[in-house]
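Student: Here is a sequence together with a model predicted from it:
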Amino acid sequence: MPGSMVEFPVNGKPGSGYLAVPESGRGPGVIVIQEWWGLVDHIKDVADRFAAEGFVALAPDMYHGESTSSPDDAGKLMMALDIDRAAKDLSGAISYLLGRDEVSSSTVGTVGFCMGGQLSLYAACENTSVGACVVFYGIHPNVKPNLAALQAPVLGFFAEKDEFVPPAAARQLEADLQAAGKSADITVFEGVDHAFFNDTRDAVYDATVAGTCWSRILGFYREHVR
């Protein structure tokens, strides 16, 4: 069953997102955070896939109605992101999701891709209501997660051929998390490129690696998001 757009309060202002609920009508909560393209159909489909696995998934609209298929425009939208407002949007989305009757968990999982991957980690560092954090090749030069405040375990997926987030950056993140005493499981997959999870990007999508990541995410959330 496909989801629908919903509105929720964000620090006294309206926020919105795509909500997908499982057929059972109830399940643990997951926040799905967009790539730099915006809240596009691919991200909504990921939320629907979580719902099909028994989760209540909310993908907040971090660009407030804007989206693009142009890499140049996507880069501009990403760099124009107001980080303080993004933090409020994520906090509002988490509070809204946990407040819904359909959500059975006391915490949420977060998962994000590209820009959203960095925001997933940022949200987990800023909000103790995040019980598990998943990062796909996270990058945003202006988003600086406070790793010392992180309480959730982190599952990270990166790509060997990624020029935006090279393997060295992934290993540095893993080292930083471990140095801060945090739980981190970081994998760099060989032979794949940035955005390998996005099945609308034929040039980089890798079905095998994406399937492996999906299975690991589901197990990770079922262990930590209760």
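Tutor: Good, I have the coordinates. Numbers count the residues shown, from 1 in each chain.

Student: only C-alpha atoms for contact and neighbour calcs from this point on.
Tutor: Will do.

Student: where do the strands sit along the protein?
Tutor: 4-10, 13-20, 27-33, 56-60, 103-113, 130-136, 154-159, 184-189 (DSSP state E).

Student: Tell me which of those is the most buried.
Tutor: strand 56-60 (a mean of 30; mean count of other CA atoms under 10 Å).

Student: That one - what's its average pLDDT?
Tutor: The average of the pLDDT scores along strand 56-60 is 98.

Student: change the start of the numbering to 254 and stick with it
Tutor: Will do, 254 is the new start, and the previous item becomes strand 309-313.

Student: between that strand and strand 356-366, how many degrees?
Tutor: 40 degrees (axes from the mean of the first three to the mean of the last three CA atoms, to 10 degrees).

Student: residues making contact with strand 309-313?
Tutor: The contact list for strand 309-313, computed with CA atoms under 8 Å, 6 or more residues apart in numbering, reads 268-275, 279-287, 292, 296-297, 300-301, 303-304, 342-343, 346, 350, 355-356.

Student: on that earlier part again, of the strands of the chain, give the one that comes closest to residue 424.
Tutor: Of all those, the one in closest proximity to residue 424, counting by CA to CA, is strand 437-442 (7.7 Å).

Student: what sits up against stretch 343-350?
Tutor: 261-264, 268, 282, 284, 311, 313, 356, 361, 376, 380, 382.

Student: Just the buried positions in that stretch, please.
Tutor: By neighbour count with 16 or more other CA atoms under 10 Å, stretch 343-350 contains the buried residues 343-348, 350.

Student: Ok, stretch 331-347 next?
Tutor: For stretch 331-347, by 16+ other CA under 10 Å, it's 331, 334, 339-347.

Student: Leaving out sequence neighbours, find the closest residue to residue 268.
Tutor: residue 261 (5.2 Å; CA to CA, 6 or more residues apart in numbering).

Student: Quick check, pLDDT for the one you found.
Tutor: Predicted confidence (pLDDT) for residue 261: 96.

Student: Wait, it touches residue 272, no?
Tutor: No. Residue 261 is beyond contact range of residue 272, at 11.0 Å (criterion: CA atoms under 8 Å).

Student: can you dump the C-alpha coordinates of stretch 384-402 into PDB?
Tutor: Listed next in PDB are the C-alpha coordinates belonging to stretch 384-402 (Å, rounded to 0.1, in the frame of the first residue of the first chain):
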ATOM      1  CA  GLY A 384      18.000   4.200  18.400                       C
ATOM      2  CA  ALA A 385      19.900   3.100  15.200                       C
ATOM      3  CA  CYS A 386      21.600   5.100  12.500                       C
ATOM      4  CA  VAL A 387      22.300   4.000   8.900                       C
ATOM      5  CA  VAL A 388      24.600   6.100   6.700                       C
ATOM      6  CA  PHE A 389      24.900   5.500   2.900                       C
ATOM      7  CA  TYR A 390      28.000   7.400   1.500                       C
ATOM      8  CA  GLY A 391      27.200  10.400   3.600                       C
ATOM      9  CA  ILE A 392      28.500  13.800   2.600                       C
ATOM     10  CA  HIS A 393      27.700  17.500   3.200                       C
ATOM     11  CA  PRO A 394      30.600  19.900   3.800                       C
ATOM     12  CA  ASN A 395      28.500  22.100   6.200                       C
ATOM     13  CA  VAL A 396      27.100  19.300   8.400                       C
ATOM     14  CA  LYS A 397      29.300  18.500  11.300                       C
ATOM     15  CA  PRO A 398      27.900  15.700  13.500                       C
ATOM     16  CA  ASN A 399      28.800  15.900  17.200                       C
ATOM     17  CA  LEU A 400      30.100  12.400  17.600                       C
ATOM     18  CA  ALA A 401      30.600  12.800  21.300                       C
ATOM     19  CA  ALA A 402      26.900  13.100  21.800                       C
END
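
Student: Fine by me, thanks again.
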